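Chemist: test case, fold it:
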Amino acid sequence: MSPNQLGWLQGSLGMLIFAGSLPATRIAVLDLAPMLLTSARAVIAGLLALLLLAVLRPPRPRRSEWPAVALTAVGGVIGFPLLTALALETISATRALVFVGLLPLCTALWGQWRSGERPGTAFWLCAVIGSACVSGYALASGEPGHRLGDGLMVASILLCGMGYAEGASLTRRLGGWQVISWALVGALPLMALWLLLSWPTQPLAWSAGAIWSLLYVSVFSMLVGFIFWYRGLALGGIAAVGQLQLLQPFIGMALAALLLDESISAGMLAAAAAAAVCVGAAKHMAARQR
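Modeler: Modelled structure (predicted):
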């Protein structure tokens with residue numbers, strides 16, 4: 001298997017793991033305040049990352065690499081989890097997934113700016129069409145949006161695209177699990193303090209669904225998914241492999257239908273098929289460029 005093919009495979013695994021993040025977050029915020037959820041998931045993942053680093057002892061990032069580690073943490077550890085949790089207090093998981101359709105384009109733009117990638121015109125055309133298919137479908141078919149929730153989701157996508165591009169660029173030098181581990185450990189003191197300040201004074205009354213959702217977003221969304229995703233972006237190209245997330249909203253919508261009783265329509269399936277075509281075309285263009 002070539003490095004490019006391995007990149008697409010690992011990117012696909014990361015995307016599938018991430019697809020459950022917003023439905024799980026929506027379940028968790030029914031019992032946990034957004035600040036508590038964000039800090040708790042970061043602390044749990046940070047402690048696991050600290051254990052990984054202590055056992056495997058990889059080289060520390062160079063001084064010049066720490067700013068990129070910090071941006072990775074701001075985007076993936078703090079910004080995206082917090083803003084999506086706040087947004088999901090006012091909008092449904094299905095509507096929030098609308099905005100994930102813009103993430104591949106945002107990631108590609110960050111990758112071009114920060115990592116020097118230069119996809120061709122045909123690639124950008126596929127990326128724009130794919131984003132338009134996903135977002136256009138969901139905006140046309142979804143419920144009326146809440147202005148604050150929509151704005152929070154847009155901000156979360158901008159930060160997430162930055163975190164993906166920075167993390168993928170570092171992965172080429174440090175390795176995928178090392179990048180997310182250093183980002184989580186770097187943010188751990190702040191997030192631990194945040195957890196203490198946001199811990200509720202009244203007795204906890206979390207449902208089993210909220211607890212399992214917290215564990216999912218902590219272990220898989222915050223750590224395991226990033227290991228596959230950053231490695232996939234590094235091997236297959238940030239802009240190209242990032243287009244896999246055109247499929248993430250539809251997988252997430254299917255999970256939302258299963259877990260939250262949200263409906264799936266024929267239009268959703270048609271838009272998913274169009275997005276899949278755009279992903280395939282982007283992969284073909286990236287392979288030709290290579």
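
Chemist: what's the spacing between S21 and C126?
Modeler: Distance, S21 to C126, by Cβ to Cβ, to the nearest Å: 25 Å. Using the backbone N, CA and C atoms, a C-beta is placed for each residue, glycine as well.

Chemist: and what of A192?
Modeler: A192 is 43 Å from C126, by Cβ to Cβ.

Chemist: more neighbours, the two?
Modeler: It is C126, of A192 and C126, that has more neighbours when counted by other Cβ atoms under 10 Å, with 26 against 15.

Chemist: touching, the more buried one and Q243? I think so.
Modeler: Yes - C126 is within contact range of Q243, at 7.2 Å (criterion: Cβ atoms under 8 Å).

Chemist: in the protein, what spans have low per-residue confidence?
Modeler: Scanning the chain for pLDDT under 70 picks out 113-120, 123, 134-135, 137-139, 141-146, 262-269, 271-272, 275-276, 279-280, 282-290.

Chemist: quick one, longest helix in it?
Modeler: Ranked by residue count and defined by DSSP state H, the top helix of the chain is helix 147-174.

Chemist: in CSV, list the C-alpha atoms belonging to the host helix or strand of A40.
Modeler: Counting by DSSP states H and E, the element that carries A40 is helix 34-56. The C-alpha coordinates for helix 34-56 follow below in CSV (Å, rounded to 0.1, in the frame of the first residue of the first chain):
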residue,chain,number,x,y,z
PRO,A,34,-20.8,23.1,28.0
MET,A,35,-17.9,24.5,30.1
LEU,A,36,-17.9,21.3,32.3
LEU,A,37,-18.2,19.0,29.3
THR,A,38,-15.3,20.8,27.4
SER,A,39,-13.0,20.7,30.4
ALA,A,40,-13.9,17.2,31.5
ARG,A,41,-13.2,15.7,28.0
ALA,A,42,-9.9,17.5,27.7
VAL,A,43,-8.7,16.4,31.1
ILE,A,44,-9.6,12.8,30.5
ALA,A,45,-7.9,12.8,27.1
GLY,A,46,-5.0,14.8,28.5
LEU,A,47,-4.3,12.2,31.3
LEU,A,48,-4.4,9.4,28.8
ALA,A,49,-2.0,11.4,26.6
LEU,A,50,0.3,12.0,29.5
LEU,A,51,0.4,8.3,30.2
LEU,A,52,1.3,7.6,26.5
LEU,A,53,4.1,10.1,26.6
ALA,A,54,5.4,8.8,29.9
VAL,A,55,5.5,5.2,28.7
LEU,A,56,6.7,5.7,25.2
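
Chemist: in that helix, what's buried?
Modeler: Buried residues in helix 34-56, counted by 16 or more other Cβ atoms under 10 Å: 34-46, 48-49, 52-53.

Chemist: off-centre distance for stretch 167-177?
Modeler: A distance of 16 Å separates the centroid of the chain from that of stretch 167-177, by Cα atoms, centre = their mean, to the nearest Å.

Chemist: can you pull the buried residues of that stretch?
Modeler: Neighbour-count burial for stretch 167-177, with 16+ other Cβ under 10 Å as criterion, is recorded at 167-172, 174-177.
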